[in-house]
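Q: Sharing a model prediction with you, sequence too.
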Amino acid sequence: MSPTVTQQKWTLASYALNDAYTDFILARQAMQCTRATLEFYKYTAGAFLAWLEGQSVASPQELTARLIRSYLAGLSDSGKKDTTINAHARAIRALAIFWHAEKYIPEIIKFDMPKVLKKRLPVLSADELSKIITACPNPREKAIILFLADSGLRRAETIALNWNDVDIASGLVRVVRGKGGKARSAVIGASTRRAILHYRRTLKDVSDTAPLFQTREGGRFIGNGFMQIFKRLKRRTGIHITPHCLRRSFVILSLRAGMDVLHLQAMLGHSSLAMTMHYAQMVDDDLLQSHKAHSPIDNLSRLKEGR
């Protein structure tokens, strides 16, 4: 049976399961998880709980590794992507760990995490980025593209910014609540600040607490509305572009320009250097240029001379 996301309709027999799930969500709220994180758990763990109820599981004590494997296998059979299956597995693991810590279940349930194939994620070249900037139809779109490509901020972080979070004079950007609730600073350069000043002249409300980037009605963007900007630019240019693609491009282009990787880690808000290096994937141009400069065969004469 393939699992599907459905509205939970709890039976009397499954109240114990529902209470344990509700406790998990409340604990995440108490931890001040972001709204996006809570929605992630409600979608993934919530779908799993609905599936368990369909399997006549009435309490957390009935949860087994076999049931978890069956659920994940059903996701795979239904054609879900490896990243989606892995996300569901991470949520289920967090749920099982919580249930054990809160004594809903006597032992930690262990299961193998689904593997995610390593893929070379798309990044923009300098030429592609220039083409996109040129194709921006108005000051708002241009300011948004420049800002994301120059700061490396995530979509949600950018949408949440107010005017008082950006110091136009210095270029410092204050991220009050980044991923995981962490505060940090980012930086934007002079060209991006000029674009933001140009955009600001088109707005009615530029008070400290007004959104930095605004809808045509002057409100704050929501995720879907913000993404329409990138869909329109893709149609104009034929280049695939998303906020996260711009974040990855920020990493690659910053490294090519000589930025220190530790400074890059701080600006991206990564807790470990390993995550930054995951973003800093080598692209074909880098490999070609590096090999051209350091090929042991092409440089054999020079290497012999240096013995």
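A: Thanks, I have the structure now.
Q: Can you point out the buried residues in stretch 234-254?
A: Buried residues in stretch 234-254, counted by 16 or more other CB atoms under 10 Å: 237, 239, 241, 243, 245-254. Heads up, the C-betas are built off the backbone N, CA and C, glycines and all.
Q: For residue 160, state which of the residues you listed is nearest.
A: Comparing the buried residues of stretch 234-254 against residue 160 with CB to CB places residue 243 closest, at 12.8 Å.
Q: Any figure for the gap between the closest one and residue 208?
A: Residue 243 sits 24 Å away from residue 208, going by CB to CB, to the nearest Å.
Q: ok, back up a step: out of the buried residues of stretch 234-254, flag the one nearest to residue 135.
A: Using CB to CB, the buried residues of stretch 234-254 come closest to residue 135 at residue 237, 4.9 Å.
Q: Show only the entries of the buried residues of stretch 234-254 found in helices.
A: Taking DSSP state H, the ones among the buried residues of stretch 234-254 that sit in helices are 237, 243, 245-254.
Q: I'd like these laid out as JSON lines, including distance to residue 149 and pLDDT.
A: Listed next are those as JSON lines, based on distance: CB to CB, whole Å; pLDDT from 0 to 100:
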{"residue": "237", "distance to residue 149": "14", "pLDDT": "95"}
{"residue": "243", "distance to residue 149": "10", "pLDDT": "92"}
{"residue": "245", "distance to residue 149": "10", "pLDDT": "89"}
{"residue": "246", "distance to residue 149": "5", "pLDDT": "91"}
{"residue": "247", "distance to residue 149": "9", "pLDDT": "86"}
{"residue": "248", "distance to residue 149": "10", "pLDDT": "83"}
{"residue": "249", "distance to residue 149": "6", "pLDDT": "84"}
{"residue": "250", "distance to residue 149": "6", "pLDDT": "82"}
{"residue": "251", "distance to residue 149": "11", "pLDDT": "80"}
{"residue": "252", "distance to residue 149": "11", "pLDDT": "77"}
{"residue": "253", "distance to residue 149": "8", "pLDDT": "77"}
{"residue": "254", "distance to residue 149": "10", "pLDDT": "76"}
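Q: Could you dump these into CSV with distance to residue 204 added?
A: Shown next, in CSV, are those (distance: CB to CB, whole Å):
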residue, distance to residue 204
237, 30
243, 25
245, 31
246, 27
247, 30
248, 34
249, 32
250, 30
251, 35
252, 37
253, 34
254, 34
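Q: Okay, and the closest residue to residue 84 other than its chain neighbours sits in which element?
A: Leaving aside its chain neighbours, residue 84 sits nearest to residue 75 (7.0 Å; criterion: CB to CB, 6 or more residues apart in numbering). Assigned by DSSP states H and E, residue 75 falls within helix 65-77.
Q: mean confidence for that helix?
A: Across helix 65-77, pLDDT averages out at 95.
Q: and residue 76, how far is that from residue 70?
A: Distance from residue 76 to residue 70, by CB to CB: 11 Å.
Q: who's in contact with residue 176?
A: Residue 176 makes contacts with 160, 165, 183, as judged by CB atoms under 8 Å, 6 or more residues apart in numbering.
Q: what about 10 Å?
A: By CB atoms under 10 Å, 6 or more residues apart in numbering, the contact list for residue 176 reads 157, 160-162, 165, 182-184.
Q: And residue 239, how close does it get to residue 231?
A: If you go by CB to CB, the gap between residue 239 and residue 231 works out to 12 Å.
Q: what's the answer for residue 109, then?
A: Following CB to CB, the distance that separates residue 109 from residue 231 is 41 Å.
Q: before we move on, what about residue 41?
A: 28 Å.
Q: neighbour count winner among the two?
A: More crowded of residue 41 and residue 231, by other CB atoms under 10 Å: residue 41, with 19 against 11.
Q: was I right about the more buried one contacting residue 28?
A: Yes: if you go by CB atoms under 10 Å, residue 41 and residue 28 touch, sitting 5.9 Å apart.
Q: No further queries at this time; thank you.
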